[in-house]
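>>> From the sequence below, what's the structure:
(2 chains)
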Amino acid sequence: MAAEQQLDHYRRQANRYCFEDGFMEMVFGTIFLVMAIGMFLMFSVDHAYMWIVTIGFLVVVFSLAFGASRLVGGLKERITYLRSGYVETGNHKAIPRWVEIAGALTIIGVSFVMPNDFPQPAIINAMGVTFILGTIAYRVGLSRLYGVMFLAIALGFVVFYIGDVDVIQAAGPFASTGVLLLISGGLTFYNYLHTHPVEAD
Amino acid sequence: MAEIDDVDVGAIASLDKLIHEPARLAIMMLLYVVEGADFLYVKIQTKLTNGNLSSHVGKLEGAGYVEIEKTFKGKMPRTILRLTAEGRGAFRTYLNEMRDVMNGLPD
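Just a heads-up that it's a prediction; the model follows:
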């Protein structure tokens, strides 16, 4: 029915609202890059100092994750709400919980059945990144996020073939996806400013 | 050729006329899928003018379907529109009745 199609259009538009200005992508990209740097440091330091790096890494990532919402909120107050308005989307889940659980279990299951001579970190991390981006892309219906997801898969294969070093296999998928998201988010923000003028009162 | 006797004209006539107006239907649809939205968001999504939107929102508020919350975020004023429980119920009823009307139409 046309009304139901229109409802679905409005629902996806509201879900897409969070990603309209590019801020969320830039934040995710930054978090992924920090994770990649943390993994690189963990592989680089002496084992005696591994615990310091690990704790510092966890503190930074969790701080970023919690601080990101406040940062994005502040940016949206100053930039987005003046151009696109403000919407409270609620906690409607477009993806059933069982899909998320099945995806997580699949990734864990693959890590157990994979042969030992396979580059497990590269594949597992690439699968995780792909699953995260895929669920977000489906929920908001943004084709550019699907594009980033497929590029992340492609880069995961590149890391698979060239990454003979554990650190590259572990950090590679996160670093490459982080850079992709930063570029995608930056371009989206630039385009957003040009296509969404501040609404006059 | 369409069989006019098969069409339930009464069902069409009984649709909620407050909702069954294009601009107000768009407003109700938009607010139905979110928890709340400010005036600017609704205006951009429905492509209505300020005056038009104010007029239609006023009618929906008068019927008890929409509530308007005026708040401040810091120093910035914000007007949030939300469907009331009555408004959500009325919209669900309208959707079901529309669905029945459409399904009752001949091919």
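>>> Could you confirm residue B:68 falls within a strand?
Yes - checked against DSSP: H, G, I helix; E, B strand; the rest coil, residue B:68 lies within a strand.
>>> beta partners of it?
With DSSP bridges as the criterion, residue B:68 is bridged to residue B:81.
>>> Do you know the pLDDT at it?
Residue B:68 carries a pLDDT value of 95.
>>> do residue A:164 as well
What the model reports for residue A:164 is a pLDDT of 62.
>>> now residue A:59
Per-residue confidence at residue A:59 stands at 83 (pLDDT).
>>> burial count for it?
Around residue A:59 there are 10 other residues, counting by other Cβ atoms under 10 Å in any protein chain shown. All C-beta spots, glycine's among them, are computed from the backbone N, C-alpha and C.
>>> Same check on residue B:67?
Applying other Cβ under 10 Å, we find 16 residues neighbouring residue B:67.
>>> How about the one 4 residues further on?
Taking other Cβ under 10 Å as the criterion, the count of residues near residue B:71 is 10.
>>> Could you pull up the residues touching it?
Counting by Cβ atoms under 8 Å, 6 or more residues apart in numbering or on different chains, residue B:71 touches B:77-80.
>>> That one falls within a strand, correct?
Yes - Residue B:71: assigned to a strand according to three-state DSSP.
>>> Any residue of the helix or strand where residue A:62 lies touching chain B?
Here residue A:62 is covered by helix A:50-75, with elements defined by DSSP states H and E. No - with Cβ under 8 Å from any Cβ of the partner chain as the threshold, helix A:50-75 lies outside contact range of chain B, at a closest distance of 10.0 Å.
>>> so which of the contacts of residue B:71 also contact chain A?
For chain A, the contacts drawn from those by Cβ under 8 Å from any Cβ are B:78, B:80.
>>> Who wins on neighbours among the contacts of residue B:71?
Ranked by the number of neighbours (other Cβ under 10 Å), those place residue B:80 first, at 19 neighbours.
>>> what's near enough to touch that residue?
With the criterion set at Cβ under 8 Å, 6+ apart, residue B:80 makes contact with A:86, A:88, B:36-38, B:68-71.
>>> Between which two of these is the distance greatest?
The widest separation within these, taken as Cβ to Cβ, falls between A:88 and B:70 and amounts to 15.3 Å.
>>> more crowded one of those two?
Set side by side, residue A:88 and residue B:70 give different neighbour counts by other Cβ under 10 Å, the larger being at residue A:88 (14 against 9).
>>> The residue of chain B found nearest chain A: what's it in contact with?
With Cβ to the nearest Cβ as the measure, residue B:41 is the residue of chain B nearest to chain A, at 2.8 Å. The contact partners of residue B:41, by Cβ under 8 Å, 6+ apart, come to A:17, A:84-87.
>>> so after the helix or strand bottoming out on mean pLDDT in chain B, what's the next helix or strand?
Each helix and strand of chain B was given a mean pLDDT (mean pLDDT, DSSP states H and E); the minimum falls on helix B:9-13 at a mean of 71. Next along the chain after helix B:9-13, taking DSSP H and E as the criterion, comes helix B:22-32.
>>> and residue A:141, what are its phi and psi?
Here is the backbone geometry of residue A:141 (degrees, to the nearest 10): phi 60, psi 40.
>>> Tell me if I'm right that it and residue A:17 touch.
No - under the contact definition of Cβ atoms under 8 Å, residue A:141 does not touch residue A:17, with a separation of 11.5 Å.
>>> what's the nearest residue to the residue nearest in space to the middle of chain B if we skip its chain neighbours?
Computing the C-alpha centroid of chain B and ranking residues by Cα atoms, centre = their mean puts residue B:28 first, at 2.4 Å. Setting aside the residues directly before and after it, residue B:28 is nearest to residue B:91 in space (Cβ to Cβ, 6 or more residues apart in numbering or on different chains), at 5.1 Å.
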